[in-house]
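Visitor: Turn this into a structure:
(3 chains)
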Amino acid sequence: MVEDDMPKIELLHVSKTFDDGRIVAADDITLSIDDGSFVFLLGPSGCGKTTLLKLISGLETPTSGSILVGGVNLAQRNPEDRSIGFVFQHFEIFPAMTVFENVAYGMTVRGYDEESVEKMAREALHLVGLDNRVLAYPRELNTPELQKVGLARAIATRSKILFLDEPLGKLDPKIRKSFRYELRRLIKSLGLTAIQVTHDQEEAMAIGDQIIVMRQGKILQYGSPEDLYYHPDSIFVANFFGETNFLEGFVSEVKPESCIFHLHLGGPKFQVNLKHGHRLQNHVQAIIGYRVEDVELIKITRDDHVSSEELDLEDKPTLNTVKGRVKEAIFIGPIKRFIIDLENGDRIQAKHSSKFLVDIYEGDDILVGFHENPMVFEYPKDIRAELSKA
Amino acid sequence: MPAIRLENITVSRGGKQILHGFDLEIRDGEYFALVGETGAGKTTILNLINGLIVPDEGRVLFDDKDITKSPVETRDVGMVFENYALFPHYTVYKNVAYSRRVKDRDVNETRKAAKEILSLVLIPNRDDALPKELSGGMQQRVALARALMCESGILLFDDPFSALDAGLRMSLRIELKNLARELGTTVVHCTNDVEEAMMVCDRLAIMRDGRIVQLGTPDEIYYRPSDLYVASFISDVNLFKCDVLKLEKEQGLYVLAHKRGNEEEAREFRVIAPERAATFKEGEQVLLCVRAEHFYINHGFRKKPNRVHGVIDDIRFLGHVIRYEVKDDFGRRYKIQRFVNAKTKYMKFYKGETVTLGFHYKLGLLFECPAEMELKQCDNL
Amino acid sequence: MSTQPSEKSTMAELSRQDTDAPRPGLLLRLEKHFSKDKFRIALDTSTIGFFLFLIIGPLISLVGSVVLNWASIYTTVFDDPITGSIQWQIMGTVLGRSFEIAAIATGIDLMIGLPMAFILTRYQFPGKNVLDTLVDLPMAVPTSALGFSLYLFWGSSMGISGLLGLDQGLFSPGPMLITLTHVAFTYPFIVRNLKVIFQEQSKLYEDAAKTLGAPGFTVFRTITAPLAKEGIIAGTILAFTRSLGETGATIIVAGVFETAPMYVVALKESLNFPSAAFLSMILILISLLALMFLRVFSRRVGFPVSKVVPRLEKALSTRPVRAARNTIGILLFLVIVLIPAMYTIPYVIVWFAENPYTHTTNNTVLASLFAPDNKWAWLWVSAGNSIAIAAISTIICVLFGLPMAMILVKRKWGKMKGLLDALIDVPLIAPTAALGFAMYLFWGPFGLNVFQPGFWLIIMVHVAMCFPYIVRPIIAIIEKTDPELESAARTLGASSLTTFRTITLPKMKPGIIAGMIMSFTRSMGETGATIVVSGLIRTVPVLIVDWVETRDLAAAGFASLLLIIFSFVVLLLLRKTMEQSYGGR
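Guide: Residues are numbered from 1 along each chain as shown, chains lettered A, B, ... in the order given. Modelled structure (predicted):
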């Protein structure tokens, strides 16, 4: 058995190919995971996240590269010789054993004495709240209960690293949303390092410390939820989280920290602040992005003529504005969602909390306000690929 | 486009009663959503409408015509199944044209109609492709097109988006809603995602264990849920067991006192709930329910009606929403959802900070105090 | 999940090393040791080696001996100084006959089996389980017993013609009788195959088709049949080759008419080995071809369903038509398959002690058995032989079949695995007599000279025959099991062998038991190949053939009955096991 203390996990140039190199599941991955952090592998289906999870846990061996745990290269070591916990997407509860026997399995096959087995299993079952189902068989349990058995079984052996492969995928949305916080609480209270795979960006943001966004076998970006949400490196990453309106156009008067953005199709000009070290040049095509919650809707009074001084624009004194017409206003519980056609032909969406009783309706002519700090991107070669979520 | 009515339906399977004395009326041209957890009975209802299930008792009517005994193939109800059920050995065109082919319709007319519908769902040029060559989103559209070719004016959707990515799901929902509106079909859409339902429907019903718990517009369900189950189905809720101190009947204003554990003074809550005016009396116990998104959060400590205090225990960032968990001295946890955007995100809160939470008196929901079990169920998992 | 503030203290508890470090016992340590790669390789090698030796060896040696002795074979078959090419002509004739009979029997089975498969998968009614078991019955009956039963029913004066008041059997031994026999024993294969196909995912597509307005028959023609195409073709080929290779029952009902497998037996008994080898080889090659065809080309064959007028289809889907279809299906089953197959039972009962015609003890069962030649003793000894052989064969099969099944499912060997998989099925398809002869050549006095015709040679032959019956059910169960279950065990620290013992094996148990029962039954009923290699030993099926040839019908009947009852009991056991394994999930 391996070291009890498992600090940093490092991957160095790890690749995994199948079918004689024809399928590249992982492409030269280098990353490190700190002890005690809850990391998410996030990406569309087929991006390689599950393969990466299996590589780190030992269920697959890399074609090349090394996987270091606490400085020791475990790349060629079998999973049964490590000390890991794994929660599977389809639970993989042993059907012929009771809940207790399932949870005790990891200790039983390692040769712990009966007393210890009993103790460790009961502890784990108590932590997930299944004390009253110990003698039941898997076929008698419902989905959330099965999920808990899988979790208890994985943590019972006291391994320090927990791997989770889309563990919440089979639950109803309501339960999924509440259970994920319980999951995080459990992992944090036990001081585990956890690596979880998901395709659900909301889940990753809600409970992850760090998120690794993957696509086609490569890592696109790595950071905290806020990092990725507010500072995406690429259109794909920006589009992957939340909902974004992308506006096309070109830039002029490019300075180190700002520029003027001309909305395409004859739209108005925007004042846009730029990040330090940007690489835009004058008169190149660009794309700016606004989250749907950042789009402001300003009601226009009867009087057609509008100037910014007349508007009550609350905190922000300067705002880029575009005229538009509300095509649809949909109420969804706590949120009101709007689809707006801008005067230049672009169609955008806006999302606001219904708490603020906004009286803007379908057919209204309004002014749409855009702040001065959008996400800014160079125009990509293949815009459709960037905007696809695959 | 017909109205659908289910009258006094009883359905049993394998000795278990799935539906009993069940009634439902769906209006002509309406987009109706059936929401409930897995096993609530939604698919059974769809199968009653399309005829794959015949009720043990009761009637099924389309526009006052009793079709309970009509076999499946005569009802001509278009259905999109959960996993699409596209015939794997037929091309896109053959799948879509199937309903007309089996009735031996004129080939040219069928081709024309099929082409029209395929361009409507945005797949104009894949007539000869086989289902396995298409992506999930495209398969879904072919399934939709195939269902749209049915001429009864009724469309049934059985969780049609569950197999798709989040982003695709969002855009398809809007498309679907507009399409149905354009064509004026009556739609029955089943899902376990209440957000999805609220986005597309005219009215929805929340189902549980074969019964409808509440039926109404999204507005009604959200602002006036009939019971705790419905309220907590849509969003996280915070619950307070209170005593009714005073009731002003005309306004429907309740003054409630809430006391926990060994707190010395009770907190006061004021809630306006006119439709509940008749339900509760002074001195009675009542359950106050405040949605996580209806609490607003401020720094510091303020003692006023409709306020609670605590210390921030956990902050989770979800993009356009920040979720706070606030704990008070008595171990109670409050869940708050705060919408943030570019303007408001600068107001930050930190873990360990003392905060005051407050809610608008019109946004408090009142329910009867349920048994202890039910309470636990809502609070935790 | 508990949300008490006690989490922090629990964490402290967990990390305290107050439990002793694990001390794995002997079993666990042994398993870990033997899980090493080198042992796995050794096991794989010996399993495959055994298989090759068992099945491939004889086949190759057969082909080899034909090639090596080509000159003498050529002379004997094509250019004999006395008889010329008569051998070849005879072979051609018997082959043609076998094909004809197989084609007709399979065709009839498809027609009468289709409605039955439909009834069993699409309807629910009390007594469905009984009907299901009855359909399987002919499969449980050993072929010679089956042949005897059918001979009694159709071909003797004591069967249906007796009821009709005729002196002779309706059909005298010959092609008609053979065809009827083949129809009876192939029926369960076809129905089972069709059942599996109809039960699979097509239900969802059928529902979709119905909601789109297609009446029942249209659904069948446009959805069910095309989707089932592959399975139907596979089942048909299997049934065809089964009929082609059938020996045991055919011998009984053929009279002087000869089919190809029968001719092989005849050739061997007349010591015309070159011809026997040649014909065997041809038969085996044909079945191998059929096997290949099955695997490679079935996907490409289109299903001939031309458009039928929708109005006609609607008419065909109405309730009265469906009811008629169902009734006819059941009636045909009873008259052509079940009653003839089970006819021995009433026969033995009626003829047990008293001849119903003459009211003497002539030709009664008792008289026959206790005649001076002491058939009763022979029966006991043969029964003992049959059981011993079946038991030993089954055990050997399990020992080598289990690892073979694991190899076929788990190892990632690409094309090699496909080849291995195909070869497993050879004993199922190749004509038993030909296979028996090949093994006789390989192991017997003209080959390795390890075994003389007799007990152990019979066992070798039976092991080869029963091998697929063990391997296939086990493979089926492993494939149905989620492979990730074993990954889960490994992540929890279990070595390969421990995983096998604690997770895989319990899951496989029903499959192993089912396989053992099928293998045991198959061995008990094996006739064709056993005749070739039995020498002086007798098993019960071979005994039956003997007695029919000496016209000791009553005794043959009794022996058949014993075999039938035995197989019936075993079949019930099988059902129980299957129900348990599926009910318990």
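
Visitor: Figure out the helix or strand that residue B:112 lives in.
Guide: In the assignment (DSSP states H and E), residue B:112 maps to helix B:107-120.

Visitor: Ok, residue B:196 next?
Guide: helix B:194-200.

Visitor: Heading C-terminal from that helix, find the next helix or strand.
Guide: Immediately after helix B:194-200, counting by DSSP H and E, sits strand B:203-208.

Visitor: tell me which strands and helices the helix holding residue B:196 is in contact with?
Guide: Where contact means 3 or more Cβ pairs under 8 Å, 6 or more residues apart in numbering or on different chains; DSSP states H and E, helix B:194-200 is packed against helix A:173-189, strand A:320-332, strand B:31-36, helix B:166-183, strand B:186-191, strand B:203-208, helix B:218-223, helix B:228-234. C-beta coordinates here come from the backbone N, C-alpha and C atoms, glycine included.

Visitor: if I look at residue A:388, how far off is residue A:239?
Guide: Using Cβ to Cβ, to the nearest Å, we find residue A:388 at a distance of 9 Å from residue A:239.

Visitor: is any part of stretch B:17-36 close to chain A?
Guide: No - Stretch B:17-36 does not reach chain A (Cβ under 8 Å from any Cβ of the partner chain); its nearest approach is 9.3 Å.

Visitor: CA atoms only for that stretch, dumped as CSV, please.
Guide: Provided in CSV are the C-alpha atoms of stretch B:17-36 (Å, rounded to 0.1, in the frame of the first residue of the first chain):
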residue,chain,number,x,y,z
GLN,B,17,-52.6,1.9,-8.8
ILE,B,18,-50.8,4.5,-10.8
LEU,B,19,-53.7,6.9,-11.3
HIS,B,20,-57.0,7.0,-9.5
GLY,B,21,-59.9,9.2,-10.2
PHE,B,22,-57.7,11.4,-12.2
ASP,B,23,-59.0,14.5,-14.0
LEU,B,24,-57.3,16.9,-16.3
GLU,B,25,-58.4,19.4,-18.9
ILE,B,26,-56.0,20.9,-21.4
ARG,B,27,-57.3,23.8,-23.5
ASP,B,28,-57.4,24.0,-27.2
GLY,B,29,-54.1,25.3,-28.6
GLU,B,30,-52.5,25.5,-25.2
TYR,B,31,-48.9,24.6,-24.4
PHE,B,32,-49.3,22.6,-21.2
ALA,B,33,-46.5,21.3,-19.1
LEU,B,34,-46.6,18.3,-16.7
VAL,B,35,-43.9,18.5,-14.1
GLY,B,36,-42.9,16.0,-11.5
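
Visitor: out of the helices and strands packed on helix B:194-200, nearest to chain C?
Guide: helix A:173-189 (3.5 Å; Cβ to the nearest Cβ).

Visitor: what residue is smack in the middle of the chain?
Guide: If you meant another chain, say so; for now it's chain A. Nearest to the mean C-alpha position of chain A, by Cα atoms, centre = their mean, lies residue A:201 at 3.1 Å.

Visitor: try chain C instead
Guide: For chain C, the residue lying nearest the average C-alpha position, counting by Cα atoms, centre = their mean, turns out to be residue C:428 (6.4 Å).

Visitor: Need the pLDDT of that residue.
Guide: Listed pLDDT for residue C:428 reads 79.

Visitor: Checking my notes, it in a strand, right?
Guide: No - counting by DSSP: H, G, I helix; E, B strand; the rest coil, residue C:428 is not part of a strand but helix.

Visitor: so what's it up against?
Guide: For residue C:428, the residues meeting the contact criterion (Cβ atoms under 8 Å, 6 or more residues apart in numbering or on different chains) are C:238, C:242, C:468.

Visitor: Most neighbours of all the residues you listed, which one?
Guide: Of these, residue C:468 is surrounded by the most neighbours, 24 neighbours in total, counting by other Cβ atoms under 10 Å in any protein chain shown.

Visitor: which other helices and strands contact the helix or strand hosting that residue?
Guide: Using DSSP H and E, residue C:468 falls within helix C:455-480. Contact analysis of helix C:455-480 by 3+ Cβ pairs under 8 Å, 6+ apart lists helix C:375-410, helix C:415-424, helix C:426-429, helix C:432-443, helix C:505-525, helix C:528-533 as its packing neighbours.

Visitor: Out of these, which gets nearest to residue A:24?
Guide: Closest approach to residue A:24 among the helices and strands packed on helix C:455-480 (Cβ to Cβ): helix C:415-424, 23.3 Å.

Visitor: Not counting its own residues, what contacts the closest one?
Guide: In this structure, residues lying in contact with helix C:415-424 by Cβ under 8 Å, 6+ apart are C:48, C:51, C:55-56, C:291-292, C:295, C:404, C:407-408, C:411, C:467-468, C:471-472.

Visitor: who touches the nearest residue to residue C:381 once chain neighbours are set aside in this structure?
Guide: Beyond its immediate neighbours in the sequence, the residue positioned closest to residue C:381 (Cβ to Cβ, 6 or more residues apart in numbering or on different chains) is residue C:538, lying 7.1 Å away. For residue C:538, the contacting residues are C:378, C:381-382, C:385, C:546, by Cβ under 8 Å, 6+ apart.

Visitor: Kindly format the C-alpha coordinates of stretch C:421-439 as PDB.
Guide: Backbone C-alpha positions of stretch C:421-439 (Å, rounded to 0.1, in the frame of the first residue of the first chain) are rendered in PDB as follows:
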ATOM      1  CA  ASP C 421     -15.300 -17.000 -31.000                       C
ATOM      2  CA  ALA C 422     -16.300 -18.500 -34.300                       C
ATOM      3  CA  LEU C 423     -14.500 -21.700 -33.700                       C
ATOM      4  CA  ILE C 424     -16.300 -22.200 -30.400                       C
ATOM      5  CA  ASP C 425     -19.500 -22.700 -32.400                       C
ATOM      6  CA  VAL C 426     -18.100 -25.400 -34.700                       C
ATOM      7  CA  PRO C 427     -19.400 -28.300 -32.600                       C
ATOM      8  CA  LEU C 428     -22.800 -26.800 -32.600                       C
ATOM      9  CA  ILE C 429     -23.000 -26.700 -36.400                       C
ATOM     10  CA  ALA C 430     -20.900 -29.500 -37.700                       C
ATOM     11  CA  PRO C 431     -22.700 -32.700 -38.200                       C
ATOM     12  CA  THR C 432     -22.200 -34.900 -35.200                       C
ATOM     13  CA  ALA C 433     -21.300 -38.000 -37.100                       C
ATOM     14  CA  ALA C 434     -18.600 -36.100 -39.100                       C
ATOM     15  CA  LEU C 435     -17.200 -34.600 -36.000                       C
ATOM     16  CA  GLY C 436     -17.300 -38.000 -34.300                       C
ATOM     17  CA  PHE C 437     -15.400 -39.500 -37.100                       C
ATOM     18  CA  ALA C 438     -12.800 -36.800 -37.200                       C
ATOM     19  CA  MET C 439     -12.100 -37.300 -33.500                       C
END
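
Visitor: What residues sit buried inside that stretch?
Guide: By neighbour count with 16 or more other Cβ atoms under 10 Å in any protein chain shown, stretch C:421-439 contains the buried residues C:423-439.

Visitor: chain center to that stretch: distance?
Guide: 12 Å (Cα atoms, centre = their mean, to the nearest Å).

Visitor: Same question for stretch A:113-133.
Guide: 33 Å.
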